[in-house]
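J.: Based on what follows, work out the 3D shape:
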Amino acid sequence: MIETSTVTLKTEGPRTFEAFAAAPARGRGTGILILSEMFGLNEPMRILARSYAERGYPALVPNVFWRSTPSAALAYEGPERETAFQRLKTLDFDAAAADIGVAVRALRALPRCGGKVAAIGFCMGGTLAFLAAARAGVDAAVSFYALGISRHLDEVAAVACPVQLHYGLDDQHVPAAEIEAVAAAVRANPRIETLLYPGIGHSFFNPVRPTYDAAAAALAEARVTRLLESL
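T.: This is a model prediction of the structure:
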C-alpha cells in the first residue's frame with residue numbers, strides 16, 4: 001500500500017513549486033527524485049513514482065517547469081509537442097538545478113525517506129540528474145538519454161557519488177557526437193559509468209512512447225536496481 005500527495009516546495013510571487021510524492025505506507029528507504037522529460041510532471045512520471053513507492057522507495061517528482069509558461073504537463077504528440085520544445089529552449093538550467101537542491105532537501109525530510117536520495121532523470125531530466133550529482137549533494141544519479149550533459153563537462157570532477165549514464169546508440173535526438181564527448185570526458189571520474197545500448201532509440205525506458213524497448217528497459221532497470229541496492 002502506498003500514499004500519494006502533492007507537496008509544496010517553494011513559492012515565489014504567484015508561482016508555486018510543487019511536486020508529486022508517493023511513499024510506502026510503512027518502512028523507510030532511499031528517496032527517488034524523478035526528473036521528467038520536457039513534457040513535465042505527467043501521468044507516466046507519476047506512475048513511475050508510484051512503482052518505486054510500491055517497492056519501498058519514497059519518490060518525489062518536482063515540476064521543474066514551475067517558472068515557465070505554460071507550467072503544466074504537455075502532451076507527447078499534437079500541438080503541445082512543439083510547445084514543449086519551445087518551453088525547453090527557455091529553461092534556465094542553473095535555476096532548475098538550484099530548485100533540485102530544494103527538492104532533494106524536501107525528499108530527505110519525508111518520514112519514509114531513510115536519508116539517502118538518488119536522482120533519476122530522462123532526456124532533459126537526465127541532464128538535470130547529472131547536475132544533481134555535481135551540485136545538489138545526491139547520493140546517486142541515473143541519467144537516461146540526456147541531451148546537454150556535454151555543456152557541463154567542466155563539472156565532471158565535482159561528481160562525488162555513483163552516476164549511471166544510459167544512452168541508446170540509435171537515439172533520434174541525442175547525436176553520436178554528444179554521447180562520445182560525454183563518454184570520453186567522464187572516464188576521468190571512476191564514479192561515473194556510461195552504459196550504451198546498441199540499436200536502441202530515444203525514450204526506450206518509457207512504456208508509452210513508440211520507441212520503448214522492453215528488453216533494453218529491463219536491462220536498464222536491473223542496472224538501476226543494482227545501484228540503488230548498493231546505497
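J.: State the phi and psi torsions of Val186.
T.: The phi and psi values for Val186, taken as degrees, to the nearest 10, are phi -80, psi -10.
J.: Contact partners for it?
T.: Val156, Val163, Leu165, Ile192, Thr194 (C-beta atoms under 8 Å, 6 or more residues apart in numbering). All C-beta spots, glycine's among them, are computed from the backbone N, C-alpha and C.
J.: what about 6 Å?
T.: Val156, Ile192 (C-beta atoms under 6 Å, 6 or more residues apart in numbering).
J.: Per-residue pLDDT of it, please?
T.: Model confidence at Val186, given as pLDDT, is 98.
J.: Can you tell me the centre-most residue of the chain?
T.: A centroid search over the chain (C-alpha atoms, centre = their mean) returns Gly121, at 1.5 Å, as the residue closest to the centre.
J.: quick check, that one in a strand?
T.: Yes. Gly121: assigned to a strand according to DSSP: H, G, I helix; E, B strand; the rest coil.
J.: what's across from it in the sheet?
T.: Applying DSSP bridges to Gly121 gives these bridge partners: Leu35, Ser143.
J.: Where do the helices of the protein begin and end?
T.: Counting by DSSP state H, the chain has helices at residues 43-54, 79-89, 93-109, 124-135, 176-186, 214-229.
J.: quick one on the thing from earlier: looks like the residue nearest to the centre of the chain contacts Leu35 (just checking).
T.: Yes. Gly121 is in contact with Leu35 according to C-beta atoms under 6 Å; the separation is 3.4 Å.
J.: Overlap of the contact sets of the two?
T.: Each of Leu128, Ala129 lies in contact with both Gly121 and Leu35 under the rule C-beta under 6 Å, 6+ apart.
J.: residue contacts, Leu228?
T.: So Leu228 contacts Thr30, Ala118 (C-beta under 6 Å, 6+ apart).
J.: Just the pLDDT for it.
T.: Leu228 is assigned 98 on the pLDDT scale.
J.: What of His202?
T.: Confidence for His202, expressed as pLDDT, is 98.
J.: Give me the phi and psi angles of it.
T.: According to degrees, to the nearest 10, His202 has phi -70, psi 160.
J.: Would you agree Lys10 is in contact with Ala19?
T.: No. Assessed by C-beta under 6 Å, Lys10 is found out of contact with Ala19, at 9.9 Å.
J.: who's more crowded, those two?
T.: Taking other C-beta atoms under 10 Å, Lys10 and Ala19 do not tie; Ala19 has more neighbours (26 against 15).
J.: Just to check, Val159 is in contact with Ala134?
T.: Yes. Counting by C-beta under 6 Å, Val159 touches Ala134, with 5.3 Å between them.
J.: Could I get the buried residue list for stretch 62-76?
T.: By neighbour count on 16 or more other C-beta atoms under 10 Å, the buried set for stretch 62-76 is Pro62, Asn63, Val64, Phe65, Trp66, Arg67, Ser68, Ser71, Ala73, Leu74, Tyr76.
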